[in-house]
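Novice: Generate a structure from the sequence data that follows.
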Amino acid sequence: MPSTTKKAKLPIVVLLLAIGTFLMSTTEFVIAGLLPNMASDLGVSVSQAGLLITAFAIGMIVGAPTISVATMRLPKRLTLVMSLLLFAVGHIVAALSPAFEIVLIARVITALATGAFLSIAAVVATSAAGPANASRAMGVMMSGMGLAIVAGVPLGSFIGQAIGWRGIFWALAILAAIAAVVIGKFAPADEHQEVITLRSQLGVLREGKLWLVLATTALVSGGFLAAYSYISPLLTERTGISEAAVPLLLVGFGIGALLGTVVAGRTGDRKPLATYFAIGGGSALVLLMLIPLSTFVVPTIVLVILLGFTGMGVTAIATPLAVRFGHSGPSLAAALTVSAFNVGIAAATWLAGVALDSALGTTGPATVGAAMAILGLIPLIVLALMRATRNPVSTRAEHTTEMTTLERDLLV
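Specialist: Numbers count the residues shown, from 1 in each chain. Okay, the predicted model is just below:
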């Protein structure tokens, strides 16, 4: 009987939201490969153009929860469509502007739209799939991010070199407008929408379990992205891989990420804490192995692919857990997860940059990443000791066993 539920087909809206996630993730990551082109065209230095990445991250951190609260009384389908249209407008403004300052503002607008879309889409996907398939739905939806890393970012960078960054922005705007029409047609309407108050939304901020999930999300996601952000110097300077081969290896990372989100989604519904432990512990182990083994080509290639597989699983498991513990305000809980992910990125990339310039050299980012991933396990241990994911039915049965509290919770 349980297996029938697990094998049920996911609603088509989940696949459509994965396409939207692909667009959102492509714009977030592709810009790194377009910075020199943009800097030259806008008449600024590359380091100044890097503010476009910082502005986007800040927009995501602040914008996701803010927009979630501001739109809490709107139908979720309408919010998704508005987010995609705002996303398109942001790209059009940037593509038309000759001034760096306006492009910077447009990136913040785009980040607000991205944060709003991802947080609302998470609620729509998990609600449409049902509680038994929530993590699986998130895995499929967030596979759009893995696909962006595999195909969207390399293809976008390649096309950007041929037609310029403005052409890429126009393409993203057009695709977002098309996605808005399709999602507006197929996304389910809120059939019996409950009256949502500001108090009920903000009530999630008093939920300690939610903050533990957010802490783990920031630390574990920041951990693997600390190493990923500075993987190129490690590969070229320490491993000895040619610069021309680095993009191919990053595609391997993306394939691992794509598979990781799907696998984490499938296991996360049945064993959420155990899955999150595997993600955090697996990321830490891979990073710890990468430090000494990065002088060897083959082990490094394998470990980079495994880093994508273990690390990106965060995107499939974090939001369903956050929504589960913040059920009084699911949209805000999902939005806070988006913010936590980006807080982890911002903190990790800064710390990794400092470590890169230290005596640790090219292994510094991986060292920072391993430390963050290990620290991310602490909130999970607390959740396990709190028996956070246990339901009353299973609790009664488990009292007859001789297992420890921590062991039992890891199996729930």
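Novice: Grab the most central residue of this structure for me.
Specialist: For the chain, the residue nearest the mean C-alpha position is Thr315 (4.7 Å; Cα atoms, centre = their mean).
Novice: any idea how far Gly265 is from that residue?
Specialist: 9 Å (Cβ to Cβ, to the nearest Å). Backbone N, C-alpha and C define where each C-beta goes, glycine included.
Novice: just to revisit the earlier point, so what's the residue lying closest to the residue nearest to the centre of the chain once chain neighbours are set aside up against?
Specialist: The shortest distance from Thr315 to any non-neighbouring residue, by Cβ to Cβ, 6 or more residues apart in numbering, is to Met142 (3.9 Å). Taking Cβ atoms under 8 Å, 6 or more residues apart in numbering, we find Met142 in contact with Ala18, Thr21, Thr261, Gly265, Met312, Thr315, Ala316.
Novice: hmm, back to that, which residues do Thr315 and Gly265 both contact?
Specialist: Common neighbours of Thr315 and Gly265 (Cβ under 8 Å, 6+ apart) are Met138, Met142.
Novice: What does the pLDDT read for Ala388?
Specialist: Model confidence at Ala388, given as pLDDT, is 64.
Novice: Contacts only, for the residue nearest to the centre of the chain.
Specialist: By Cβ under 8 Å, 6+ apart, Thr315 lies in contact with Met138, Met142, Met145, Ser221, Thr261, Phe341.
Novice: what helices or strands is the strand or helix carrying the fourth one leaning on?
Specialist: By that I understand Ser221. Secondary structure from DSSP states H and E places Ser221 in helix 208-229. Packed against helix 208-229 by the contact rule (3 or more Cβ pairs under 8 Å, 6 or more residues apart in numbering; DSSP states H and E) you find helix 272-293, helix 297-311, helix 314-325, helix 330-356, helix 364-385.
Novice: where does the stretch 1-150 of the chain dip in pLDDT?
Specialist: 1-8, 32-33 (pLDDT under 70).
Novice: All the helices of it, in order from the start?
Specialist: Taking DSSP state H, counting those that start in this stretch as the criterion, the stretch 1-150 of the chain contains helices spanning 2-6, 12-42, 46-49, 51-70, 76-96, 100-129, 134-147.
Novice: Pick the most buried one from the ones you listed.
Specialist: Highest mean neighbour count among the helices of the stretch 1-150 of the chain (mean count of other Cβ atoms under 10 Å): helix 134-147, with a mean of 28.
Novice: Mind checking what helix or strand follows it in sequence?
Specialist: Following helix 134-147 toward the C-terminus (DSSP H and E): helix 153-163.
Novice: Please name every helix or strand in contact with that following helix.
Specialist: helix 12-42, helix 165-186, helix 246-268.
Novice: 6 Å - rerun?
Specialist: Contacts defined by 3 or more Cβ pairs under 6 Å, 6 or more residues apart in numbering; DSSP states H and E place helix 153-163 against helix 12-42.
Novice: hang on, the earlier thing: please report how far the residue nearest to the centre of the chain lies from Ser40.
Specialist: Between Thr315 and Ser40 the distance is 33 Å, computed by Cβ to Cβ.
Novice: So what does Ser242 look like in phi/psi?
Specialist: Backbone geometry at Ser242, expressed as degrees, to the nearest 10, gives phi -70, psi 150.
Novice: for Leu360, same thing?
Specialist: Here Leu360 shows phi and psi, under degrees, to the nearest 10, equal to phi -70, psi -30.
Novice: nearest to Gly115, of the helices and strands packed on helix 208-229?
Specialist: Distance to Gly115, taken as Cβ to Cβ, is lowest for helix 330-356 among those, at 5.2 Å.
Novice: List the buried residues of the closest one.
Specialist: 330-349, 351-353, 355-356 (16 or more other Cβ atoms under 10 Å).
Novice: hang on, the earlier thing: list the buried residues of the helix holding Ser221.
Specialist: Buried, per 16+ other Cβ under 10 Å, within helix 208-229: 209-229.
Novice: which other residues reach it?
Specialist: 204, 280, 283, 287, 307, 311, 314, 318, 321-322, 325-326, 336-337, 340-341, 343-345, 347-349, 352, 365-366, 368-369, 372-373, 375-376, 379-380, 382-383, 388 (Cβ atoms under 6 Å, 6 or more residues apart in numbering).
Novice: can you pull the contacts of Ile149?
Specialist: If you count contacts by Cβ under 6 Å, 6+ apart, Ile149 has them with Gly254, Ala257.
Novice: What is the burial count for Gly43?
Specialist: 10 (other Cβ atoms under 10 Å).
Novice: what's the closest non-adjacent residue to it?
Specialist: Nearest one to Gly43, counting by Cβ to Cβ, 6+ apart, is Phe100 at 7.1 Å.
Novice: Isn't that neighbour up against Leu42?
Specialist: Yes: counting by Cβ atoms under 6 Å, Phe100 does reach Leu42; the two are 4.3 Å apart.
Novice: For Leu16, see how far away Ala257 is.
Specialist: For Ala257 relative to Leu16 (Cβ to Cβ), the value is 21 Å.
Novice: Sorry, wrong one. I was asking about Thr216.
Specialist: Distance from Thr216 to Leu16, by Cβ to Cβ: 29 Å.
Novice: again with Ile102
Specialist: 31 Å.
Novice: Please apply the same query to Thr295.
Specialist: Per Cβ to Cβ, Thr295 is found 45 Å from Leu16.
Novice: for Arg107, same thing?
Specialist: For Arg107 relative to Leu16 (Cβ to Cβ), the value is 25 Å.
Novice: likewise Pro292?
Specialist: 44 Å.
Novice: same question, Ser242
Specialist: 39 Å.
Novice: Also Gly353?
Specialist: 37 Å.
Novice: which residues of the stretch 251-400 of the chain score low on pLDDT?
Specialist: 388-400.
Novice: Let's see that with 80 instead.
Specialist: Residues of the stretch 251-400 of the chain that meet the criterion pLDDT under 80 lie in 269, 327-331, 387-400.
Novice: one step back: list the buried residues in the next helix or strand after the helix holding Ser221.
Specialist: Using DSSP H and E, the helix or strand that follows helix 208-229 in sequence is helix 231-233. Neighbour-count burial for helix 231-233 flags Ile231, Ser232 (criterion: 16+ other Cβ under 10 Å).
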